[in-house]
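[1] What shape does this take:
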Amino acid sequence: TTTTTTTKTKKKINGRDIEYSIIIPTYNEQLNIAMLFTLIVEAMEKEIKDRNKNISYEVIVVDDNSQDQTQHVIRKLQKIEKYKDILCLKPRKGKLGLGSAYIHGLHFARGQFVIIMDADLSHNPKAIPEFIRKQEEGDYDVVTGTRYLASPSFSSSFRINNSSNKANKNKKEECGVYGWDTRRKLTSRVANYLAHILLNPGVSDLTGSFRLYRKSTFQALVNTMQSVGYVFQMEIIVRAKKGGFKVAEVPISFVDRVYGSSKLGASEIIGYLSGLVRLFFSV
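    Residues are numbered from 1 along each chain as shown. Model prediction:
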């Protein structure tokens with residue numbers, strides 16, 4: 001069955017095998033998704049032009065039965081000739097968790113590498129080429145974005161590679177969180193601090209969701225996953241450490257959403273804390 005599925009999903013764009021599958025989970029993102037998709041295409045086309053390299057990619061939107069016009073907007077974009085082979089919509093029947101959305105998108109991903117990012121414009125698509133170049137630089141299995149500049153203490157037992165000190169200085173103004181209030185910043189910092197103390201993950205930003213994975217690595221990791229919600233991001237990096245995969249970090253800026261409302265609530269925070277404890281005892 002697995003072989004059949006792989007054969008069916010193997011498809012080329014402009015005669016080339018797809019290299020990058022960008023998976024974007026959505027729920028009520030009608031005000032953001034068109035702009036995000038446009039910026040992704042712009043960033044990828046600029047990279048293709050700058051490097052004079054024909055990089056093939058696709059964008060897979062996994063929508064959890066949005067109650068607004070998100071799916072309608074995506075279908076309108078698909079009708080545009082230059083986008084029809086790039087943009088895919090793979091909806092689900094309801095809100096089934098962030099982690100499971102990535103796994104759902106992975107079933108349809110045709111690329112050799114998978115990039116995951118948020119739909120609310122918090123992640124700047126201009127950073128995608130940096131992820132690609134970083135992966136090529138060291139043949140890494142995972143490249144994860146960090147909102148917090150990595151410290152030397154994160155030199156790794158699982159071959160983590162942070163940008164050099166010089167690169168970190170150059171990226172300093174581009175790395176950080178913008179638009180969050182003090183409570184949200186404190187929540188994120190505490191979440192990462194607790195994770196570092198209990199799990200020693202080897203990365204400076206454990207809760208970020210802007211990442212590039214080698215597809216085979218992503219598949220291997222998700223087969224061992226227990227989390228489907230916001231804990232997914234933390235667990236998969238911890239399991240990458242345990243599995244000895246090569247991981248690198250790229251400094252990114254994170255900007256709070258302008259349109260729509262955050263999906264992070266009290267239940268997600270409680271779920272994160274319980275997941276943290278579970279991982280401490282099980283991984």
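[2] in this structure, which residue is closest to the centre?
    Nearest to the geometric centre of the chain sits Ile116, at 2.6 Å (C-alpha atoms, centre = their mean).
[3] Correct me if wrong: it contacts Ala101.
    No. Proximity of Ile116 to Ala101 does not meet the contact threshold set by C-beta atoms under 8 Å, at 9.2 Å. C-beta coordinates here come from the backbone N, C-alpha and C atoms, glycine included.
[4] Now list whatever residues contact both of the two.
    When contacts are counted by C-beta atoms under 8 Å, 6 or more residues apart in numbering, Ile116 and Ala101 have Ile23 as shared neighbours.
[5] And for the residue lying closest to Leu194 once chain neighbours are set aside, the neighbour number?
    Nearest residue to Leu194 in three dimensions, chain neighbours excluded: Leu276, at 6.1 Å (C-beta to C-beta, 6 or more residues apart in numbering). By the criterion of other C-beta atoms under 10 Å, Leu276 has 20 neighbours.
[6] Same check on Arg147?
    Neighbours of Arg147 (other C-beta under 10 Å): 22.
[7] Could I get the phi/psi values of His123?
    Note on His123: its backbone torsions stand at phi -100, psi 130 [degrees, to the nearest 10].
[8] Lys185: which element?
    helix 182-199 (DSSP states H and E).
[9] distance of Lys93 from Phe232?
    Distance from Lys93 to Phe232, counting by C-beta to C-beta, to the nearest Å: 19 Å.
[10] Look at the two and report which has more neighbours.
    Phe232 (23 against 7).
[11] Okay, now the unreliable bits of the stretch 51-200 of the chain?
    149-174, 179-180 (pLDDT under 70).
[12] For it, which segments count as strands?
    57-63, 87-89, 113-116, 142-146, 160-161, 176-178 (DSSP state E, counting those that start in this stretch).
[13] got a list of what the closest residue to Asp205 other than its chain neighbours touches?
    Nearest residue to Asp205, sequence neighbours excluded (C-beta to C-beta, 6+ apart): Thr146, at 3.9 Å. For Thr146, the contacting residues are 175, 203-205, 208, 249-252, by C-beta under 8 Å, 6+ apart.
[14] Which strand residues bridge Thr146?
    According to DSSP bridges, the partner residues bridging Thr146 are Pro251.
[15] So it versus Ile18, what's the distance?
    27 Å.
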